[in-house]
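Trainee: Structure for the following, please:
(chains A, B, C and D)
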There are 2 protein chains.
Amino acid sequence: MAEHGSGEGTVAKALAVMDEIAGFGRPVRFAELLDRSPYPKATLYRFVQVLTKQGMLHFDPDRQTYAPGLRLVRLAHAAWQTSALAPIARPHVDALSEAAGETVHLAQLDGAQVLYVDKRNARHPIEMYSAAGKVGPAYCTGVGKAMIAFLPEEELARVIAQQSFHRFTDHTYTTEAALRVELQAIRARGYAYDREEHEPGIICIAHPILTRAGRVLGAMSVTSSTARTTLEALEDHLPRIRAAAEAIAAEAQDWRFPAAAE
Amino acid sequence: MAEHGSGEGTVAKALAVMDEIAGFGRPVRFAELLDRSPYPKATLYRFVQVLTKQGMLHFDPDRQTYAPGLRLVRLAHAAWQTSALAPIARPHVDALSEAAGETVHLAQLDGAQVLYVDKRNARHPIEMYSAAGKVGPAYCTGVGKAMIAFLPEEELARVIAQQSFHRFTDHTYTTEAALRVELQAIRARGYAYDREEHEPGIICIAHPILTRAGRVLGAMSVTSSTARTTLEALEDHLPRIRAAAEAIAAEAQDWRFPAAAE
DNA sequence: AACCAAGTTTCAAATAATGAAACTGAACAT
DNA sequence: ATGTTCAGTTTCATTATTTGAAACTTGGTT
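Mentor: Next comes the predicted model:
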């Protein structure tokens, strides 16, 4: 009856193992995993076996290492395509980066983190998965703040509770109170700035993407560096960003999937 | 003791549900899923609940639909990055498409299917997830044939047994016997052609990526259309393709992950 | 108000997950 | 050769999770 701490479902545990492996950022040996894992050898072993047989992990027999598997890439493809935001936003992201001549990010909120779902880079035409799939902190990025500012209070509280408030730069807001003041300003203004809060020299202007009902779908930002421009200059792009964000919201809202064709 | 047919592990079942949902290619309602699912209502319900809580599925409360979730995108990012092939191959894929002025595909074998892990398009600079993550048949694509031709017999037999041999075009090989002859020719030649076997008007030349020991890592192709060129003309790119494939193989082979930096 | 369909909860029985310990086998040292 | 260590694998009685029929709730429809 009473929660005993060990009852969170087999699926959840298996996925935690996936996260662990993905977190390494490189192929790992079983023993390395075991060190970090709360599970006994036999249990972890079986998880890894099952996940490998399922294609969620790939085992390299030469090096005896495990890495996230191809089935994930297949599933993620479906996730991206099916998402109500990313495919719709794509042409707008393209157009915006073209017009602004700067890097454009499209992000969604994934729990308490920011997940970049698309990116268009100004110089190099684009960066692939390296961009899509990356996560970042919500409390000190333009897109992060633009999204959480418009969350209902209950959810916002949950998200804030999970922020690390690590001081990345001198400009990082490192307390809930300071962040709350900033979020209030963002709500009043309608969009967010990143004043080198996450990375020195990197600034951006970020706009939320909201449904008519005010639900947060994502955010979009135009990013540059202090070496190239200023926040004031970036603000020139505001009308475009706002227009793009609103267009995306409208399309995402009205959108129904076409009846499955072939 | 005896296999009872119903014992394949909870994790496997949950992943089957994921596949089912991903297969729809659009957000689905619970009832739709239930129709196609072998599980009773309560069981499927719990799976969907758990997967949603885990972020593997996303539930749209407005439309009451489920779709693959953001956690997948995060995990797939790790899969792509960690893969011993894709990140290494990227610059080579870039260079090859630049030099050839044609579309370049990078693929791996995922079970009996071809999974495209990267793509560079001649005209538009690139296509995102829409390309990476896509799957195709192994028996009638250039990259597919280039890979399976170099599989050890035992594995090849298993893969061939899983091919549909659907006739996509007049040129599709539709029997195992015919395919076996073609694979023999590919082994002799060292690379593969696609003579409009999958899509009318689409031709390509595909080269396997093999370790020194002969293990299949993937394949790479230069693709064009009969409207623009001929197979003979495409063959001019062979030296480049071969060089790229060999360079990738060499790098992938020697590659150790850098000691985890920050 | 009665009906229906979609979604949610319950609970005893059936099944699968658990993990300590024993085992295997390779790599290396003696 | 022989022993030692360590990484990886298997076993099996115990434990706790999953299962699914059925009952229930909810919201929309006739």
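
Trainee: ok, the most centrally placed residue in chain A to DNA strand C distance?
Mentor: The C-alpha lying nearest the average C-alpha coordinate of chain A belongs to A:Leu115 (C-alpha atoms, centre = their mean; 0.3 Å). Distance of A:Leu115 to DNA strand C, given as C-beta to the nearest atom of the strand, to the nearest Å: 25 Å. C-beta: built from backbone N, CA, C; applies to glycine.

Trainee: wait, is A:Phe165 part of a strand?
Mentor: No: the assignment for A:Phe165 (DSSP: H, G, I helix; E, B strand; the rest coil) gives coil, which keeps it out of a strand.

Trainee: For it, which non-adjacent residue is spatially closest?
Mentor: A:Thr174 (4.8 Å; C-beta to C-beta, 6 or more residues apart in numbering or on different chains).

Trainee: And the closest residue to A:Arg36 other than its chain neighbours, its phi and psi?
Mentor: Nearest in space to A:Arg36, with sequence neighbours left out and distances taken as C-beta to C-beta, 6+ apart, is A:Glu20 at 6.3 Å. The phi/psi pair for A:Glu20 (degrees, to the nearest 10) reads phi -60, psi -50.

Trainee: okay but A:Glu20 is in contact with A:Glu32, surely?
Mentor: No: look at A:Glu20 against A:Glu32 with C-beta atoms under 8 Å: they stay out of range, at 9.8 Å.

Trainee: on that earlier part again, quick check: the residue nearest to A:Arg36 vs DNA strand D, distance?
Mentor: 14 Å.

Trainee: Do a quick rundown of the helices in chain A.
Mentor: Here chain A has its helices, by DSSP state H, at A:10-24, A:30-36, A:41-53, A:70-82, A:86-100, A:142-148, A:153-161, A:176-189, A:231-234, A:238-254.

Trainee: Mean neighbour count and mean pLDDT for those helices - can I get that in JSON lines?
Mentor: Supplementary listing: those in JSON lines, determined by neighbours: other C-beta atoms under 10 Å in any protein chain shown; pLDDT from 0 to 100:
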{"stretch": "helix A:10-24", "mean neighbour count": "19", "mean pLDDT": "90"}
{"stretch": "helix A:30-36", "mean neighbour count": "14", "mean pLDDT": "89"}
{"stretch": "helix A:41-53", "mean neighbour count": "16", "mean pLDDT": "91"}
{"stretch": "helix A:70-82", "mean neighbour count": "25", "mean pLDDT": "84"}
{"stretch": "helix A:86-100", "mean neighbour count": "19", "mean pLDDT": "88"}
{"stretch": "helix A:142-148", "mean neighbour count": "28", "mean pLDDT": "97"}
{"stretch": "helix A:153-161", "mean neighbour count": "12", "mean pLDDT": "91"}
{"stretch": "helix A:176-189", "mean neighbour count": "14", "mean pLDDT": "97"}
{"stretch": "helix A:231-234", "mean neighbour count": "14", "mean pLDDT": "93"}
{"stretch": "helix A:238-254", "mean neighbour count": "17", "mean pLDDT": "90"}
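
Trainee: Out of those, flag the one nearest DNA strand C.
Mentor: helix A:41-53 (3.1 Å; C-beta to the nearest atom of the strand).
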